[in-house]
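# below is the sequence, then the predicted model.
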Amino acid sequence: DTGVSQNPRHKITKRGQNVTFRCDPISEHNRLYWYRQTLGQGPEFLTYFQNEAQLEKSRLLSDRFSAERPKGSFSTLEIQRTEQGDSAMYLCATGPPNQETQYFGPGTRLLVL
Amino acid sequence: QKEVEQDPGPLSVPEGAIVSLNCTYSNSAFQYFMWYRQYSRKGPELLMYTYSSGNKEDGRFTAQVDKSSKYISLFIRDSQPSDSATYLCAMSGPPTDSWGKLQFGAGTQVVVTP
């Protein structure tokens, strides 16, 4: 399968714990986005990487959230001190250079108890 | 008010009918328009991509963009039960301004009954 992959697919954690999600992009896709989706809503933009550089962060991304993309390959999204309001589907999307299309992974569903 | 408005449905149609979906938007800078299909608890799947105004056809799917009215549409011909899903419209502005980040509608749930 050469699509975008995300791990884990599901995560249940207790409030206050830290969690980390991973996204592996389609090969040669230099653009990588993280989105968050809650029930009944469309995905909302969180952050954007072009290669290894994080070029934009949404105001939705509080200081408890951090994302990295070392070497411009896979990316990680970490949430520290999770809150119940962080419960959502976290989606990764990647896109090829010089095109505006984005291809989504299957998502990581987070439940904070 | 949201930048992208989409009727949440549900929209129920009999098998074989044409499904008509639409979105309106307020940001005139949007110039890239996409439709995604999302099955329950899955990631969105890209169906159609259109740049600026015009029509695009791909198999049973037709996408239309009317930038003057800030209105986009997706038509699905000969609908099948397997088309039952949530359909999301998405759009973005010039890459130099927005880095390609997508603004999504809330999604329309479509149910195709046999």
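Arrived safely, thanks for sending. Predicted, not measured: the structure shown is a model, and the values here were computed from it.

# CA atoms of stretch A:19-34 as CSV?
C-alpha atoms of stretch A:19-34 as CSV (Å, rounded to 0.1, in the frame of the first residue of the first chain):
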residue,chain,number,x,y,z
VAL,A,19,0.2,11.0,23.4
THR,A,20,2.1,10.9,20.1
PHE,A,21,0.8,10.1,16.6
ARG,A,22,2.8,9.2,13.5
CYS,A,23,2.2,9.9,9.9
ASP,A,24,4.1,8.3,7.0
PRO,A,25,3.5,10.2,3.7
ILE,A,26,3.3,9.0,0.2
SER,A,27,6.8,8.8,-1.3
GLU,A,28,8.0,12.1,-2.8
HIS,A,29,5.2,14.2,-1.3
ASN,A,30,7.0,17.2,0.1
ARG,A,31,3.8,18.8,1.6
LEU,A,32,2.4,17.4,4.8
TYR,A,33,-0.7,18.7,6.8
TRP,A,34,-2.3,17.8,10.0
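
# for chain A, which residues are neighbours of chain B?
Residues of chain A that fall close to chain B, judged by Cβ under 8 Å from any Cβ of the partner chain: A:4, A:6, A:31, A:33, A:35, A:40-45, A:48, A:50, A:55-56, A:91, A:93, A:95, A:100-107, A:109. For glycine as for every other residue, the C-beta is placed from the backbone atoms N, C-alpha and C.

# hmm, try it at 6 Å
For chain A, the residues in contact with chain B (Cβ under 6 Å from any Cβ of the partner chain) are A:41-43, A:45, A:48, A:55-56, A:91, A:100-101, A:104-107.

# for chain B, state which of these is nearest.
Set against chain B, the nearest of the residues of chain A next to chain B by Cβ to the nearest Cβ is residue A:42 (2.9 Å).
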